[in-house]
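Enquirer: Need the 3D shape of this:
(3 chains)
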Amino acid sequence: MSEKNPTAYELLFGPAHPGSGNFSVRLKVEGEEVTSARADPGYLHRGFEKLMEYRNRMQNSILSDRVCVFEALNWNLIHAQAVDELTGEDIPEKARYIRVLMAELSRIQSHLIWYGATSMGLGFDTGFKVAFGYRDYILDIFELVTGGRVYPAGYICPGGVRRDLPDSAKDKIRGVLGKTREMLRKCESFEKTTLQYRTKGVGILDRGDALRLGATGPIARASGVSSDVRSDDPYEIYPELDFEIPVRDEGDAYARCIVGRQEIRESIKIVEQVLERMPEGKLDPIKPKLANKIPEGEVYVRNEIARGEAGIYMKSIGEESPYRCKIRGPSLLHMIPVLEHLLKGAQIADVPAIYWSLNICPADMDR
Amino acid sequence: MNEMDLIDGLELEFGVNAEKQRDRRVWLTVEGGALMDVLRYLFDKGLEHLSAISVTDYPGDGVYELTYHLWSYADNFLVTVKTKTSRDKPAIESATPIWGESAQIHERELHELFGVTFKGNMDLTPLFLEEWDGPPPFRKDFDWRKYVNEKYYNKENEREKPYSI
Amino acid sequence: MIKTILELIRNLFKKPMTVRFPHEQIEMPEGFRGEHAYEIDKCISCGLCCKICPNRAIEMIDAPQKDRDKYPKTYPRIDLGKCCFCGFCEDICPTDALKLTKNVYLSTFDSESVIKEPIEK
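Expert: Reported below is the predicted structural model:
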């Protein structure tokens, strides 16, 4: 007769847990140590790849900002690039600068959410409130330029951008960058104490595992893989801008948080360069049209969104809607292979630190 | 190694005709039998990162077309490998011996949504859908609008009338 | 440790970030996408707003019986529950009859007021 271990049970770090988002992980636990983890996705599956086959290109760009709401403008940009490469039309120079400006502001606010959510997961409530407070200034810029705080309604669309920048936007953006620097100074002041005690040495992902399991973006850069799509496979006006790529090689949760903070600093540098170099002139707004066919062809575009590498494979047979649009989000690889690998052998009290330091988004995993 | 060297190498070794679409993009089509050899050759040449695997459904020709998108960290270019398999009982060899878990999760998703069987994949359990026993939902002959109308919409509700058309 | 104390002292003398809504409000900029405003005398009943809407929230209906002499064609009825406030109907209208205003206070307990009729009954 076999004896059952009385300290072995199954714990559901599930969708109704206040610290986990729309995603659940089933942990098999013995005492205080996790022996194995099994991810359970699918709470947010909306079927985007099939929905995009029934709508024309402007309606698809409205749909593309709902793939992951935290970085809506970045997904708008990658969808617009896929259609632009199929049609082959010329984008005006000022529109390219505005696209990069909005994408970098969206990256900054996404990293502020990451910082706030990690602090909340570790129990540090002040960091959560301060991060979301500073994010609000960036949402005011989005409201001024695109007309909506959270959903920009397809602002970056195939052919350019939907509206021109208003006149007062540049000064307001410079003010907001000053406030973001203030936030970074506050982050540095509590990094050496609170963050370090909970996250140093926790959840170590080494370089070989990062390449084998398919990690990309800040997660891989904190483990020593020095690659960034903006410099390896450049798009828009990134070849003309000057920025660095922060890389660390410890691979633990502390290194991931530090890489995130350094990326905000690099994005501020990029926004300042864009504001200086933007050409003058007026842009015509892009209006939606009804009968607008996409030429035949197939493309694969890659972009660096805040969480990692995103990809869209689009195939068109000459109609208004694409024949097949496959969306590759970074979180599919981070949430299932990488998370299950890192949680094996961890303590229960470290599970939120590992979970939130991976910067996951259930929406772009399930699509 | 740049794109033209790889294209020449592939022509020499396997006799396939690869073409360069633009800077940093190479596309090629292979037969089903040669797929694993070509993928292993490309992996040994430095294309270590598997970006995505995708399936496109062509009901008129009766085929499924698979595309493998591979990226090289060392030489900075992307190679896409396309191959066809039949639509009735789609089965193909898995890429997990070469790329490990990152190929396994893509194949698990495609097995659930398109019905493709990958021989050699250890874990093909359903990923997103729960208690689904109908045909694979992303095929072109599955009418999802009719399914949603019958199962979820209420015909007496005035506000749901535009969606029943 | 010193950096933390310096931050503390700096924060003591600053104004808090909170905006005390509804006593104070941040002003909304021009171009904000809120509720629709429809002018029936400019409308030419082309039906483009109905065809471009991504969520099928606009339906072209006939005028009520008493107004049929003055308004013989079909006019848009907007369902605010389905609308995603994208602004395509405003961009595509050839005569500027449909515009988006800055009104965002649309929550209600009354389910009849969610649908905007073109002509008051």
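Enquirer: can you give me the helices for chain C?
Expert: Here chain C has its helices, by DSSP state H, at C:2-12, C:48-52, C:88-92.
Enquirer: now those helices in TSV, with distance to residue A:331, mean pLDDT and mean neighbour count?
Expert: Placement of C-beta: from N, CA and C, glycine included. Formatted as TSV, the helices of chain C follow (distance: least, C-beta to C-beta, whole Å; pLDDT from 0 to 100; neighbours: other C-beta atoms under 10 Å in any protein chain shown):
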stretch	distance to residue A:331	mean pLDDT	mean neighbour count
helix C:2-12	33	78	11
helix C:48-52	32	90	19
helix C:88-92	30	91	20
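Enquirer: And these: which comes nearest chain B?
Expert: Of all these, it is helix C:48-52 that lies closest to chain B, at 9.5 Å by C-beta to the nearest C-beta.
Enquirer: Any part of that closest one near chain A?
Expert: Yes. Helix C:48-52 reaches chain A (C-beta under 8 Å from any C-beta of the partner chain) through C:48, C:51, C:52.
Enquirer: quick one: contacts for the closest residue to the first one other than its chain neighbours?
Expert: In other words, residue C:48. Once flanking residues are discounted, residue C:48 sits nearest to residue C:92: 5.0 Å by C-beta to C-beta, 6 or more residues apart in numbering or on different chains. Listed by C-beta atoms under 8 Å, 6 or more residues apart in numbering or on different chains, the contact set of residue C:92 reads A:287, A:288, C:48, C:49, C:52.
Enquirer: farthest-separated two in these?
Expert: Greatest spatial distance among the contacts of residue C:92 (C-beta to C-beta): A:287 and C:49, at 12.5 Å.
Enquirer: which residues are in contact with the helix or strand bottoming out on mean pLDDT in chain C?
Expert: Least confident helix or strand, chain C: helix C:2-12 with a mean of 78, by mean pLDDT, DSSP states H and E. Helix C:2-12 has contacts (C-beta under 8 Å, 6+ apart) with A:185, A:186, A:188, A:189, A:190, A:192, A:193.
Enquirer: give me the low-pLDDT residue ranges for the chain?
Expert: Answering for chain A, as no chain was given. For chain A, applying pLDDT under 70 flags the ranges A:1-3, A:18-19.
Enquirer: actually it's chain C I care about, not the one you picked
Expert: For chain C, the stretches flagged by pLDDT under 70 are C:1.
Enquirer: And the strands in it?
Expert: With DSSP state E as the criterion, chain C has strands at C:36-38, C:58-62, C:74-79, C:98-100, C:115-116.
Enquirer: gap between the closest residue to residue C:79 other than its chain neighbours and residue C:75?
Expert: Using C-beta to C-beta, 6+ apart and skipping the chain neighbours, the partner closest in space to residue C:79 is residue C:57 (4.8 Å). To residue C:75, residue C:57 is 15 Å away according to C-beta to C-beta, to the nearest Å.
Enquirer: before we move on, what about residue A:251?
Expert: Taking C-beta to C-beta as the measure, residue A:251 falls 63 Å from residue C:75.
Enquirer: and what of residue B:9?
Expert: In terms of C-beta to C-beta, residue B:9 sits 66 Å off from residue C:75.
Enquirer: the more surrounded of the two?
Expert: Using other C-beta atoms under 10 Å in any protein chain shown, the more surrounded residue of residue B:9 and residue C:75 is residue C:75, with 20 against 15.
Enquirer: Next up, the contacts around the more buried one.
Expert: Taking C-beta under 8 Å, 6+ apart as the criterion, residue C:75 is in contact with C:40, C:43, C:45, C:60, C:61, C:62, C:63, C:118, C:119.
Enquirer: residues from the stretch 51-200 of chain A in reach of chain C?
Expert: Residues of the stretch 51-200 of chain A that fall close to chain C, judged by C-beta under 8 Å from any C-beta: A:55, A:58-59, A:62-63, A:133, A:136, A:140, A:143-144, A:147-148, A:151, A:153-154, A:163, A:166, A:185-186, A:188-190, A:192-193.
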